[in-house]
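Participant: quick one, what's the 3D model for this:
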Amino acid sequence: MKIFTLLMSGLCVAAGGAAQASSVKHFTPTAMHHDSAKTVGKSGKQVKKSVMMRAEDAGEAIWCPVTQKISSWERNGWTLDQVYTTSYTSAGQPAVDLITEGKSVIRETNTYDVNGMLSKKLSEVSENGGVDFVNSRLQERIYDEVLTSVIVDHKDFLWIGSQWEVSGNNYIRKITRDADGNITDVEIAPMFLGEYDPTQRLHIVYGADGKAETLTQSMLEYDYSSKEYVWAVSHTISDIVWERTNGQIVDIADIYSADNRILSAKMVSKTDDVDIKAEYDDSQRSYAVTMTGTVQNYEGTTWVQEFTDIDDNGSHKFVETFIMEEDGEQIMERYTDMAIYDSYGYATLMETVFTDGEVEEVMAREIGEITYDETYGYPLVLITKGMEFDEDTDEPYMANLMKIEFSDYVDALAGIEDIVADGIASEPEYFNIQGVRVPQHSLTPGIYVRRAGSETVKVVIR
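Facilitator: All right, here's what the predicted structure looks like:
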């Protein structure tokens, strides 16, 4: 077996550094989390996800584990919590999950739309070891017709008595486009007391050149003086100069993405009033945004955000640097947010580090130690560890959190019957590394599985 262990010795904080963890910080970073919702639960621990991968040495295959055993660390040993038994679609997506915990079994049945997005999840529960199941929960999603991964209708139901009752997590996202197909308004409305109540709005004004010139985000807030809810502007971005844009902006943060990248603008919020300059380096898959002005109510501040897309697995580095003058001295605070994933989507490192130029403080860290199969390269065991502090010495150490054991791998492509007419391969289909079908017109740089007729190959889109 090949064992991959991320050695942390070069990154660990010395005892002196840990003792200075209470250093005064002026600024609050905007990214104290990692883009890892698919693998990290509310507790900060990695949770079970579907493994879909390509084994280069094993020919054309999408290997998926039928069995995943989830254990947590209790005192001095591992305790088995859950066992997942999974069947898959031909694209490597979970079709049915059986989640066993003692005599309790949860059956989750997933349905996907034509774009490979999850459209329905039915959860059923058995209390007699999987003999009899009763309804438990139902989730249904509808996606935007243009931005096929953006949810516009999310419904969540619980089975109560003998019928489905609306649960708490229901919302709609209303997207309005002009005659040119550009998005002009986005409104998010959660369900409250049986009705959809808007709580967030984005309004976009376009110039004569057909490009967005002003983005205004508003939030519904409670006014204690009038004792009523009122709409309050939270952010305004104006005077925008674009490097490129396609008019498909659904969030005010979508101004540095692949299709919508600004070069300069002005941003005003309740705590910020800054001029923005952005630079992009496609060869390094990175960008840097420099904002100058009032930042988090501190005048004369420079705020720099640097993002680097490290690989095709979703690994990235995000650095925020704040520089200001106080009492004639320059103050610098830097926060580095790092997330490293393997090619199967599991995190091997997630951490946030703070430095003021003198003291370096690891604010959070989680690592993943993965054992891979020698022949096919897929993971066999994943152990996650998180940073904790010794009660006696207050020194940091990495404590066991969770273990996942993968087994009974199957090739999701093995049962595919390809359709070939008149000797010509059918229209090619593309799937990302998580097994989600991606429309050909929506492909961005990365690794994909392309299937056309009887041919299935791994391709790199640059």
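
Participant: what segments of the stretch 51-200 of the chain are strands?
Facilitator: Along the stretch 51-200 of the chain, the stretches classed as strands by DSSP state E, counting those that start in this stretch are 53-54, 62-74, 77-88, 94-101, 104-112, 118-126, 134-143, 151-160, 163-166, 171-177, 183-192, 195-196, 200-206.

Participant: least confident of those, on average?
Facilitator: Of all these, the minimum mean pLDDT falls on strand 53-54 (a mean of 44).

Participant: surely Leu263 meets Lys277?
Facilitator: Yes: contact criterion Cβ atoms under 8 Å: Leu263 and Lys277 qualify, at 7.4 Å. Any C-beta I mention is one placed from the backbone N, CA and C, and that applies to glycine too.

Participant: export the strands of the stretch 51-200 of the chain to a markdown table and append columns for distance to Gln284 and mean neighbour count.
Facilitator: Listed next are the strands of the stretch 51-200 of the chain as a markdown table, based on distance: least, Cβ to Cβ, whole Å; neighbours: other Cβ atoms under 10 Å:
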| stretch | distance to Gln284 | mean neighbour count |
| --- | --- | --- |
| strand 53-54 | 26 | 24 |
| strand 62-74 | 31 | 19 |
| strand 77-88 | 36 | 16 |
| strand 94-101 | 35 | 17 |
| strand 104-112 | 35 | 17 |
| strand 118-126 | 33 | 17 |
| strand 134-143 | 32 | 16 |
| strand 151-160 | 32 | 16 |
| strand 163-166 | 48 | 11 |
| strand 171-177 | 33 | 16 |
| strand 183-192 | 30 | 17 |
| strand 195-196 | 43 | 12 |
| strand 200-206 | 30 | 18 |
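
Participant: in CSV, list these along with distance to His316.
Facilitator: Formatted as CSV, the strands of the stretch 51-200 of the chain follow (distance: least, Cβ to Cβ, whole Å):
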stretch, distance to His316
strand 53-54, 20
strand 62-74, 25
strand 77-88, 28
strand 94-101, 25
strand 104-112, 27
strand 118-126, 24
strand 134-143, 25
strand 151-160, 23
strand 163-166, 37
strand 171-177, 25
strand 183-192, 25
strand 195-196, 34
strand 200-206, 25
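
Participant: ok, which of those comes nearest Lys403?
Facilitator: If you check each of the strands of the stretch 51-200 of the chain against Lys403 by Cβ to Cβ, strand 62-74 wins as the nearest, at 4.5 Å.

Participant: direction included, what does the closest one pair against?
Facilitator: Note on strand 62-74: by DSSP bridges, its sheet partners are strand 53-54 (antiparallel), strand 77-88 (antiparallel), strand 396-411 (antiparallel).

Participant: and Gly328, which of those strands is closest to it?
Facilitator: Comparing the strands paired with strand 62-74 against Gly328 with Cβ to Cβ, the closest turns out to be strand 396-411 (35.1 Å).

Participant: grab the nearest non-local neighbour of Val381.
Facilitator: In space, Val381 comes closest to Thr371 once its chain neighbours are excluded; the distance is 4.3 Å by Cβ to Cβ, 6 or more residues apart in numbering.

Participant: what's the strand or helix carrying that neighbour packed up against?
Facilitator: Here Thr371, judged by DSSP states H and E, is contained in strand 360-372. The helices and strands touching strand 360-372, judged by 3 or more Cβ pairs under 8 Å, 6 or more residues apart in numbering; DSSP states H and E, are strand 2-4, helix 15-19, strand 347-355, strand 379-389, strand 396-411.

Participant: just checking, Ile172 touches Asp153?
Facilitator: Yes: Ile172 is within contact range of Asp153, at 5.2 Å (criterion: Cβ under 8 Å).

Participant: average pLDDT across stretch 374-383?
Facilitator: Mean pLDDT, computed over stretch 374-383, is 94.

Participant: pull the distance from it to the chain's centre.
Facilitator: Centroid displacement of stretch 374-383 relative to its chain, using Cα atoms, centre = their mean, to the nearest Å, is 23 Å.

Participant: can I get the CA coordinates of that stretch in CSV?
Facilitator: The C-alpha trace of stretch 374-383 is given here as CSV (Å, rounded to 0.1, in the frame of the first residue of the first chain):
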residue,chain,number,x,y,z
GLU,A,374,-1.4,0.3,-4.9
THR,A,375,-3.0,-1.0,-8.1
TYR,A,376,-5.9,1.4,-8.7
GLY,A,377,-4.9,4.4,-6.7
TYR,A,378,-8.3,4.9,-5.0
PRO,A,379,-8.5,5.7,-1.2
LEU,A,380,-8.8,2.8,1.2
VAL,A,381,-8.6,4.7,4.5
LEU,A,382,-9.0,8.4,5.4
ILE,A,383,-8.1,9.6,8.9
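
Participant: brilliant, that's me finished.
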